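**Student:** when you get a sec, could you give me coordinates for this:
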Amino acid sequence: MADLVLRNARISDDHGPVDIAVTAGYITEIGAALPIPGSDEIDCDGRVVIPGLVEAHVHVDKALLDRERPNPDGTLAGAIAVTGELKRGFTADSVRARARQVLDQAILNGTTMIRAHPDVDPIVGLLGVRVLLELREEYRDRLDLQIVAFPQEGILKSPGTLELLREALSLGADVIGGCSYNEADLADCHRHIDLVFELAAEFDVPIDIHADFADDAADPRFALADRIAEVTARTGMAGRVTLGHMTSLGGRPVAERRATMRRLAESGVAVVPLPATDMHLGGRADPVAVRRGVAPVRELWEAGVQAAVSSNNVRNAFTPYGNADLLDIGLFLAQTGHLSGEQDLARVLTMLTEAPARIVGIADRYGLRPGAAADLVVLSTRRVADVLLDRPDRCYVLKRGRVVARTTRHRELLHPNTSHSPAETGVLSHA
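**Tutor:** Just a heads-up that it's a prediction; the model follows:
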């Protein structure tokens with residue numbers, strides 16, 4: 001007997017519904033009409049089941065600050081300045097309350113893994129890291145939480161940050177972050193990158209750098225992807241380095257940016273576009289033909305770069321929108337990146353699931369297959385191809401085989417002809 005069986009689940013549009021058996025938190029078998037009883041059973045009734053969504057880049061410590069002070073000019077510099085001022089008033093209670101609100105929203109929206117980037121600098125010290133270490137334990141049965149020690153204010157530009165980063169990693173941060181453009185000059189940006197790689201080697205952790213976050217590469221501090229690819233290859237860090245934003249790629253000449261993307265692919269560097277933030281902050285100085293400010297996703301795919309997509313921020317000076325809903329972010333990426341049709345949308349869905357699972361290092365226990373952790377989401381849609389388009393409810397969210405969130409909805413389209421059947425009148429109901 002299985003602990004749980006999901007009956008009549010749609011996992012592919014090419015085949016009929018299947019059953020998914022779960023025992024001890026792991027998928028044990030997938031097949032049509034499994035002759036396995038479950039202690040608990042959920043009838044998916046042909047609804048789509050996907051693996052849990054993976055949020056590879058989000059700042060929960062800085063979320064929900066827009067209500068306190070919005071960004072005055074909508075620029076990246078304005079966002080950093082406003083947030084730097086607000087950080088001076090952070091307390092453990094305020095960070096914890098805002099972070100919990102975002103984590104709870106993420107779970108309700110089907111996220112089962114988050115890589116969070118709390119700031120580490122002399123302004124806020126290790127407050128964000130310490131709070132997230134507590135929350136990592138508090139949420140362990142509902143959500144996996146990775147912690148990135150992130151130097152938002154720079155390293156050389158902000159004396160004392162290097163020591164704080166080392167302390168954060170000693171306390172248990174999982175990843176060393178970077179902000180390669182936020183230094184005084186190009187030489188310091190190069191040294192920033194070297195220091196991040198040195199810390200990664202010292203603590204044997206992966207790297208996640210905010211990089212090349214501008215409309216173009218006119219300022220060389222925003223054209224450091226090639227340098228990072230070279231250091232990655234030289235230090236043997238292939239598969240353990242991720243770059244967030246990377247918007248300036250889209251403003252570089254086609255041949256030049258494609259050469260950079262080839263180097264990223266060859267060196268094993270992943271890229272995570274953050275379209276909600278990138279499009280909001282980008283193009284602010286363009287009086288006409290305003291640039292979209294989103295990394296060229298199709299070209300990343302064609303170059304073979306491992307790419308995911310993520311929320312980055314929720315309702316703060318960097319992104320004054322959002323509900324920690326990755327399916328919304330995926331749809332927004334498609335809308336702003338000239339991506340459409342079933343093949344493109346299927347690829348975008350992998351940028352919310354399989355691709356970020358590889359980037360954050362959980363691919364060995366992730367997915368819709370026997371042996372994977374039963375981190376699953378039952379959606380209200382009935383075609384995998386429609387997952388992004390339908391903006392479906394997350395009927396059930398499972399973490400290691402246990403239901404941790406549920407959405408119940410009843411909608412009815414009232415029709416003047418009462419002779420129609422319920423299906424014809426558009427009644428939609430699910431638990």
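
**Student:** for the stretch 101-250 of the chain, what spans make up the strands?
**Tutor:** Counting by DSSP state E, counting those that start in this stretch, the stretch 101-250 of the chain forms strands over residues 111-116, 144-149, 175-179, 207-211, 241-245, given from the N-terminal end onward.

**Student:** tell me who's in contact with Leu326.
**Tutor:** For Leu326, the contacting residues are 53-55, 106, 109-111, 309-311, 352, taking Cβ atoms under 8 Å, 6 or more residues apart in numbering as the criterion. Glycine gets a C-beta too; all of them are placed from N, C-alpha and C.

**Student:** typo on my end, it should be Cys44
**Tutor:** With contact set as Cβ under 8 Å, 6+ apart, Cys44 has these partners: 6-10, 17, 378.

**Student:** what packs against the longest strand anywhere in the chain?
**Tutor:** The single longest strand within the chain, with elements called by DSSP state E, is strand 2-9. Based on contacts counted as 3 or more Cβ pairs under 8 Å, 6 or more residues apart in numbering; DSSP states H and E, the elements that strand 2-9 packs against are strand 18-23, strand 38-43, strand 376-379.

**Student:** domain ranges for the chain?
**Tutor:** Using automatic domain parsing, the domains assigned to the chain come out as 2-46+368-411, 53-362.

**Student:** just those: most buried one?
**Tutor:** Scoring the domains of the chain by mean neighbour count under mean count of other Cβ atoms under 10 Å gives domain 53-362 as the most buried, with a mean of 21.

**Student:** where does pLDDT dip in the stretch 101-250 of the chain?
**Tutor:** In the prediction, the stretch 101-250 of the chain carries no residues with pLDDT under 70.

**Student:** just the helices in it please.
**Tutor:** Using DSSP state H, counting those that start in this stretch, the helices found in the stretch 101-250 of the chain span residues 127-138, 161-171, 186-203, 225-235.

**Student:** out of the ones you listed, nearest to Ala372?
**Tutor:** Distance to Ala372, taken as Cβ to Cβ, is lowest for helix 127-138 among those, at 21.5 Å.

**Student:** the closest one vs strand 144-149, what angle?
**Tutor:** Computed with axes from the mean of the first three to the mean of the last three Cα atoms, to 10 degrees, the direction of helix 127-138 lies at 160 degrees from that of strand 144-149.

**Student:** hmm, who's touching helix 127-138?
**Tutor:** In contact with helix 127-138 (Cβ under 8 Å, 6+ apart) are residues 60-61, 90-92, 95-96, 99-100, 103, 116, 118-120, 145, 147, 149, 168, 171-173.

**Student:** for Thr260, what are its contacts?
**Tutor:** For Thr260, counting by Cβ under 8 Å, 6+ apart, the contacting residues are 225-226, 229, 249, 252.

**Student:** run through the residues that contact the nearest residue to Gly16 once chain neighbours are set aside.
**Tutor:** Among residues not flanking Gly16 along the chain, Ala32 sits closest, at 6.3 Å (Cβ to Cβ, 6 or more residues apart in numbering). Ala32 makes contact with 16-19, according to Cβ under 8 Å, 6+ apart.

**Student:** what's the farthest-apart pair in these?
**Tutor:** Within the contacts of Ala32 (distances taken as Cβ to Cβ), the two that end up farthest apart are Gly16 and Asp19, at 11.0 Å.

**Student:** would you format the helices of the stretch 101-250 of the chain as TSV with distance to Val294 included?
**Tutor:** Supplementary listing: those in TSV, determined by distance: least, Cβ to Cβ, whole Å:
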stretch	distance to Val294
helix 127-138	27
helix 161-171	29
helix 186-203	23
helix 225-235	16
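
**Student:** quick one: which of those is nearest Asp215?
**Tutor:** Of all the helices of the stretch 101-250 of the chain, helix 225-235 sits nearest to Asp215, with 15.2 Å by Cβ to Cβ.

**Student:** what angle do that closest one and helix 186-203 make?
**Tutor:** Computed by the same axes, to 10 degrees, the angle between helix 225-235 and helix 186-203 is 30 degrees.

**Student:** follow-up on the earlier one: using a markdown table, lay out the strands of the stretch 101-250 of the chain together with distance to Thr407.
**Tutor:** What follows is those, written out as a markdown table (distance: least, Cβ to Cβ, whole Å):
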| stretch | distance to Thr407 |
| --- | --- |
| strand 111-116 | 14 |
| strand 144-149 | 21 |
| strand 175-179 | 31 |
| strand 207-211 | 31 |
| strand 241-245 | 30 |
